[in-house]
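Asks: I would like to see how this sequence folds:
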Amino acid sequence: MMIKILGSGCANCKKLEEHAREAAIQLGIEASFDKVQDFKDIASYGVMKTPALVVDDQVKIMGRVASVDEIKRLLQMTLI
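Replies: Sure, this is the predicted structure:
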């Protein structure tokens with residue numbers, strides 16, 4: 001599974017990445033993580049507000065920091 005954090009590297013971006021990593025660990029999912037900070041690349045996903053969470057090239061969350069539990073639910077739905 002490929003998980004991308006889209007954003008400038010601000011505190012919210014770092015928190016979203018932290019939550020996503022924790023969710024993957026709790027679920028026992030092997031995931032690769034990537035940070036996308038170039039605004040042209042971010043815009044290519046249709047994201048206008050950061051931070052954003054992209055799982056396997058699909059935007060799942062945009063413009064906010066999701067909780068670990070919310071991300072776990074999203075990751076579980078992706079696995080189905």
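
Asks: show me where this structure has strands.
Replies: Assigned by DSSP state E, the chain shows strands spanning 2-6, 32-36, 52-55, 58-62.

Asks: Could you report the neighbour count for the spatially closest residue to L74 that is not a sequence neighbour?
Replies: Distances taken as C-beta to C-beta, 6 or more residues apart in numbering put K60 closest to L74, at 4.9 Å, once the chain neighbours are dropped. C-beta: built from backbone N, CA, C; applies to glycine. Using other C-beta atoms under 10 Å, K60 is surrounded by 18 other residues.

Asks: list the contacts for K60?
Replies: 53-54, 74, 78 (C-beta atoms under 8 Å, 6 or more residues apart in numbering).

Asks: at 7 Å what do you get?
Replies: 53-54, 74 (C-beta atoms under 7 Å, 6 or more residues apart in numbering).

Asks: Would you indicate which residues of the lengthiest helix in the chain are buried?
Replies: Assignment by DSSP state H gives helix 11-27 as the longest helix of the chain. For helix 11-27, a neighbour-count test (16 or more other C-beta atoms under 10 Å) marks 12-13, 16-17, 19-21, 23-24 as buried.

Asks: Among the residues you listed, which pair sits farthest apart?
Replies: By the measure C-beta to C-beta, N12 and A24 form the most distant pair in the buried residues of helix 11-27, at 18.8 Å.

Asks: about what we covered before: take the contacts of K60 and lay them out in TSV including neighbour count.
Replies: Shown next, in TSV, are the contacts of K60 (neighbours: other C-beta atoms under 10 Å):
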residue	neighbour count
L53	27
V54	20
L74	17
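
Asks: Put together JSON lines for these, with pLDDT on each row.
Replies: Output for these, formatted as JSON lines (pLDDT from 0 to 100):
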{"residue": "L53", "pLDDT": "98"}
{"residue": "V54", "pLDDT": "98"}
{"residue": "L74", "pLDDT": "96"}
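
Asks: JSON lines please, covering those and showing distance to G46.
Replies: Conversion of the contacts of K60 to JSON lines gives the following (distance: C-beta to C-beta, whole Å):
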{"residue": "L53", "distance to G46": "14"}
{"residue": "V54", "distance to G46": "10"}
{"residue": "L74", "distance to G46": "17"}
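
Asks: This completes my enquiry, with thanks.
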